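Q: A structural model of the following input is requested.
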Amino acid sequence: MSTVETPTQEALRAYTTLRLGGPARRFLVAETTGELVSAVRELDAAGEPVLLLGGGSNLVVADAGFDGTVVRIGTTGREGWEVAAGQNWDDFVAETVAAGAGGVECLSGIPGSVGATPIQNVGAYGCEISEVLHSIRFYDRGSGEVRTMTAADLGFAYRTSVLKGTDAGVVLSVRFTLREDGLSAPIRYAELARALGVEVGARVPVADAREAVLALRRGKGMVLDPADHDTWSAGSFFTNPIVTEGDLPDVLARIAGVVGADVAVPQYAAPGGVKLSAAWLIERAGFGRGHPGPGGRVSLSTKHTLALTNRGEASTGDLLALAREVRDGVRARFGVTLAPEPLLINCTL
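A: Numbering: from 1, shown residues only. Now for the predicted structure:
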C-alpha cells in the first residue's frame, strides 16, 4: 500500500469528476483487496475518520476538504463476471460487450468504479444494477468480517440501497449475472429505442446498444471529456422525485397553473407513487440549459439541465449555491423538493 500526503488545497480536485474539493489530512491507495481490508480495519481501530474513494464521480467534497484519511480503492481485474471494486466501470462494460455478454450495455459511458454501482443502484436508459447483480463481497466494518451479500440483502430501490449514505462497510467485489447470447437486455427506454430504430422491448446486438447509448450520453455531456466543461460534473445532480398518489393531484394542479392544463407532464409508475422528471421540472421552473451560478464559475450544463457543472474556476461553495437555487426554485414553483444524487462530503444543501 502506498501513502501519498496531499500537497495542496487542490489535491482532491484531481480525484473527482467535478474537479472540486479541498485537502485530505492523509491519502492512501489500496491496490489489493487485502490492503483495502487491512487499511480500513486499522483506521477504524484507531478511531480515524475514513473516506472511501473510487472513481470520484458521485462525490461533492467540501472546499474545506476531509479531516481524516482518504482511502482510494485501486483494486482492479475480474474472474469471470466477479469484478474488483476499484475497476473502472466503463472499461468493464466494454469488456462485456467485446465478449458478447448482455445486461450492462445500457450503462455504458457512466464514470466511476464497479464497487460504487450497487451502493446507489446505478441506472440509465431503462437498466439498473439491481437487475444484473448476483452478489457482492463486503467487508463489514462493525463485525470486522468479510461476507457475501446477495441482491436481496442490498434492499435495492430507485438510485439507492441499504448501503447508500452509511459507513457500514466496503464493497470489495461485485458479481454479475449476464446474458451470453450476444444480445442486449430488452430495450425499455423510448429514446434509446428510437436511436436504434427498434420497438420498445426489442433486443439488439450488445455492441449496437453500447454505441447508441454512448452517442446519446455524449450529446448530453455525460461522457467524460477533459476539454468539455459540460462533463465536469457529478452526472445527474438530482434524482427524479417520487410523488405519492395522495400528493399527486395537488402537484399536478400546481404544474398546470404554471405550464398550462393542456401540457402533458412526464410521469412514470414507481414504488410508493409516481416518478416525475427532475429535468422537466427544472426547465419549467425557469432554469434553462447553461443557467449560471455565482460569477458564472458554475452552471447547469449547456446540454442537459440535470447536470451542475464546474466551468473551470469554481469552488464547491459555488456549486452548492447553484444547487440550492435550483432546488428552492422548483419547490417554490411546484411544491416538489428535489434530492441530490451524489454524496455530500463535509457539506450540505
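
Q: all helices of the protein, in order?
A: Along the chain, the stretches classed as helices by DSSP state H are 33-45, 89-98, 190-196, 206-219, 248-259, 278-284, 316-334.

Q: and the first one, what does it pack onto?
A: Going back to what we said before, that points to helix 33-45. strand 24-30, strand 50-53, strand 66-73, strand 133-140, strand 169-176 (3 or more C-beta pairs under 8 Å, 6 or more residues apart in numbering; DSSP states H and E). Where you see a C-beta, it was placed from the backbone N, CA and C, and this is true even at glycine.

Q: can you give me the buried ones in that helix?
A: Of all the residues in helix 33-45, those buried under the rule 16 or more other C-beta atoms under 10 Å are Thr33, Glu35, Leu36, Val37, Ala39, Val40, Leu43.

Q: swap in the third one?
A: Across helix 190-196, burial judged by 16+ other C-beta under 10 Å covers Leu192, Ala193, Ala195, Leu196.

Q: now render these as JSON lines, adding distance to Glu105 and pLDDT.
A: Formatted as JSON lines, these follow (distance: C-beta to C-beta, whole Å; pLDDT from 0 to 100):
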{"residue": "Leu192", "distance to Glu105": "10", "pLDDT": "98"}
{"residue": "Ala193", "distance to Glu105": "14", "pLDDT": "98"}
{"residue": "Ala195", "distance to Glu105": "13", "pLDDT": "98"}
{"residue": "Leu196", "distance to Glu105": "11", "pLDDT": "98"}
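
Q: tell me which of the helices of the chain lies nearest to Ile136.
A: helix 33-45 (12.3 Å; C-beta to C-beta).

Q: quick one: contacts of the closest one?
A: 1, 28, 30, 50, 52, 69, 71, 73, 75, 84-85, 139, 141, 144, 146, 170, 172-173 (C-beta atoms under 8 Å, 6 or more residues apart in numbering).

Q: give me the buried entries from those residues.
A: 28, 30, 50, 52, 69, 71, 73, 75, 84-85, 139, 141, 170, 172-173.

Q: looking at those, spot the one nearest Gly103.
A: Nearest to Gly103 among those is Ser173, at 17.0 Å by C-beta to C-beta.

Q: give the contact list for the closest one.
A: Counting by C-beta under 8 Å, 6+ apart, Ser173 has contacts Thr33, Thr75, Glu82, Val83, Ala84, Ala85, Val114, Gly115, Ile136, Arg137.

Q: among those residues, which one sits closest to Leu343?
A: Comparing the contacts of Ser173 against Leu343 with C-beta to C-beta places Gly115 closest, at 13.6 Å.

Q: burial of that closest one, as a residue count?
A: 27 (other C-beta atoms under 10 Å).

Q: again, but for Ala157
A: Ala157: 16 neighbours (other C-beta under 10 Å).

Q: bridged to it, which residues?
A: In this entry, Ala157 is beta-bridged to Thr160, by DSSP bridges.

Q: same question for Asp140.
A: Glu145, Gly169.

Q: from Gly155, how far off is it?
A: Distance from Asp140 to Gly155, counting by C-beta to C-beta, to the nearest Å: 15 Å.

Q: got it, and Leu43?
A: Applying C-beta to C-beta to Leu43 and Gly155 gives a distance of 26 Å.

Q: circling back to that earlier point, dump the buried residues of helix 33-45 into JSON lines; add distance to Asn346 as well.
A: Listed next are the buried residues of helix 33-45 as JSON lines, based on distance: C-beta to C-beta, whole Å:
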{"residue": "Thr33", "distance to Asn346": "27"}
{"residue": "Glu35", "distance to Asn346": "25"}
{"residue": "Leu36", "distance to Asn346": "22"}
{"residue": "Val37", "distance to Asn346": "25"}
{"residue": "Ala39", "distance to Asn346": "20"}
{"residue": "Val40", "distance to Asn346": "19"}
{"residue": "Leu43", "distance to Asn346": "17"}
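
Q: circling back: make CSV out of the helices and strands packed on helix 33-45 and add distance to Glu341 and mean pLDDT.
A: CSV is the format used below for the helices and strands packed on helix 33-45 (distance: least, C-beta to C-beta, whole Å; pLDDT from 0 to 100):
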stretch, distance to Glu341, mean pLDDT
strand 24-30, 23, 94
strand 50-53, 17, 96
strand 66-73, 20, 95
strand 133-140, 19, 98
strand 169-176, 18, 98
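
Q: appreciated, that's everything.
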